[in-house]
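>>> No sequence on hand, only this structure:
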Ligand SMILES: CCCC/C=C/CC(=O)SCCNC(=O)CCNC(=O)[C@H](O)C(C)(C)COP(=O)(O)OP(=O)(O)OC[C@H]1O[C@@H](n2cnc3c(N)ncnc32)[C@H](O)[C@@H]1OP(=O)(O)O
């Protein structure tokens, strides 16, 4: 399953800021996360880059946290765009291979890394804009909810075929855990309640609902939706191209990325102390509650996920996922 990797921070200058990326010492040489910063504008971009689905492994959680902390430690940076190098998947949530037949030493470490990701992202001094280009199920939805602003693709790209037969790509977002025979942890479920309100969340959690973009917008799960039809070259926004990592340069004329960039720029202009103080007003109590129950939460998760019946469900779910992928 997971190869042991070591996050390594490499810095180099680029344009008006500096670029850093996390390299792995693994054989595949994959960069889990790519970070770029523009000190003049005060904004950064954190691109998740764990093919095929940006699923959250222990190492991926740690790489996002370290990257975010590095951006936070730069006083010139006020906002960050969280994006994906995969145009069809924002994040597929937890790496299910962490949950199936887990190693007893690794499992609590994995869960702790997810808790830390929640604490670091939800409590970040930076304003985080989620650029949700593709699917965001389960912990992928959690990642988006822990941000300050969410822009989702309306999903009209990536169609196959032509004319009336053109197959539309429609991304979805939601906490679908019950469909896997598991329940979202309390702090994750509460984030949904805080985002879309009690009744909508109660129903969505029970049903494991994955919302298409228009429904997600209407219930407030995302703040905006945007087409991804690339605009004409003249619509390119100054600064965006430099901020995009080399693997995503073609996104400079993507209206969704442009909207995310404008929102991040707007956040960066708000007096930081006032913005951070107002963020604490709404988030601090939730963060405190989570810290107070953190060990209990880990023990509950490890006990729950290792139950025979839960393992059986998860194995069946992963097999179905793999065979669906093979049939493509
Ligand atoms: C016990 C308490 C814990 C509670 C907390 C749970 C939170 C979680 O996050 S649980 C994980 C929930 N995640 C999911 O249910 C998502 C599963 N994936 C999908 O639904 C789809 O893959 C997708 C909608 C994200 C994308 O669909 P698409 O058709 O574009 O791609 P696929 O062919 O399905 O997948 C591509 C590739 O990615 C692998 N993959 C997908 N999701 C995961 C994942 N969560 N973990 C690991 N790997 C994943 C999939 O197997 C394919 O890989 P291969 O081509 O190598 O088979």
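Looks like it came in fine. On a predicted model such as this, the values are computed, not experimentally measured, just so you know.

>>> Could you use CA atoms for every contact and neighbour count after this?
Will do.

>>> what about residue 276, neighbour count?
When neighbours are defined as other Cα atoms under 10 Å, residue 276 has 17 of them.

>>> Ignore what I typed, I meant residue 313.
Close neighbours of residue 313, defined as other Cα under 10 Å, add up to 16.

>>> Same check on the one 3 residues further on?
For residue 316, the tally of surrounding residues (other Cα under 10 Å) stands at 12.

>>> so how far is stretch 149-159 off the chain centroid?
The offset between the C-alpha centroid of stretch 149-159 and the centroid of the whole chain comes to 15 Å, using Cα atoms, centre = their mean, to the nearest Å.

>>> Okay, buried residues for it please.
Neighbour counts over stretch 149-159 (16 or more other Cα atoms under 10 Å) mark 149-155, 157 as buried.

>>> Let me see the mean pLDDT of that stretch.
For stretch 149-159, mean pLDDT rounds to 82.

>>> which residues touch that stretch?
By Cα atoms under 8 Å, 6 or more residues apart in numbering, the list of residues contacting stretch 149-159 from outside reads 128-134, 144, 166-171, 213-214, 221-229, 256, 259-260.

>>> buried subset of the residues you listed?
Among the contacts of stretch 149-159, those classed as buried by neighbour count (16+ other Cα under 10 Å) are 128-134, 144, 169-171, 213-214, 221-222, 224-229, 256, 259-260.

>>> do you know how far residue 117 is from residue 142?
Distance of residue 117 to residue 142, given as Cα to Cα, to the nearest Å: 10 Å.

>>> same deal with residue 105?
Residue 105 sits 25 Å away from residue 142 when distances are taken as Cα to Cα.

>>> Quick check on these two: which one has the bigger neighbour count.
Here residue 105 and residue 142 are compared on neighbour count by other Cα under 10 Å; more neighbours surround residue 142, at 24 against 8.

>>> Look at that one and report its pLDDT.
Model confidence at residue 142, expressed as pLDDT, equals 98.

>>> Can you pull the residues of the stretch 151-300 of the chain lying near the ligand?
Applying Cα under 6 Å from any ligand atom, we find that the stretch 151-300 of the chain lies next to the ligand at 177, 182-185.

>>> Please repeat the previous calculation with a cut-off of 5 Å.
Along the stretch 151-300 of the chain, the residues adjacent to the ligand under the rule Cα under 5 Å from any ligand atom are residue 184.

>>> for the stretch 151-300 of the chain, what spans make up the strands?
Taking DSSP state E, counting those that start in this stretch as the criterion, the stretch 151-300 of the chain contains strands spanning 173-174, 224-226.

>>> Nearest to residue 244, out of those strands?
Counting by Cα to Cα, residue 244 lies closest to strand 224-226 out of the strands of the stretch 151-300 of the chain; the figure is 18.4 Å.

>>> strands paired with the closest one, and their directions?
On the basis of DSSP bridges, the sheet neighbours of strand 224-226 come out as strand 149-153 (parallel).

>>> where does the chain dip in pLDDT?
Counting by pLDDT under 70, the chain contains low-confidence ranges at 1-30, 157-167, 231-234.

>>> And the helices in it?
With DSSP state H as the criterion, the chain has helices at 58-72, 106-122, 139-145, 186-196, 198-207, 213-218, 240-243, 255-269, 272-292, 294-305, 308-327.

>>> Which stretch among those helices is buried most, on average?
Neighbour counts averaged per stretch over the helices of the chain are highest for helix 139-145, at a mean of 25; criterion: mean count of other Cα atoms under 10 Å.

>>> Which elements pack onto it?
strand 173-174, helix 186-196 (3 or more Cα pairs under 8 Å, 6 or more residues apart in numbering; DSSP states H and E).

>>> So which of those is nearest residue 320?
Nearest to residue 320 among the helices and strands packed on helix 139-145 is strand 173-174; the distance by Cα to Cα comes to 19.8 Å.

>>> Other residues contacting the closest one?
In this structure, residues lying in contact with strand 173-174 by Cα under 8 Å, 6+ apart are 135-138, 140-141, 204, 208-213, 216.
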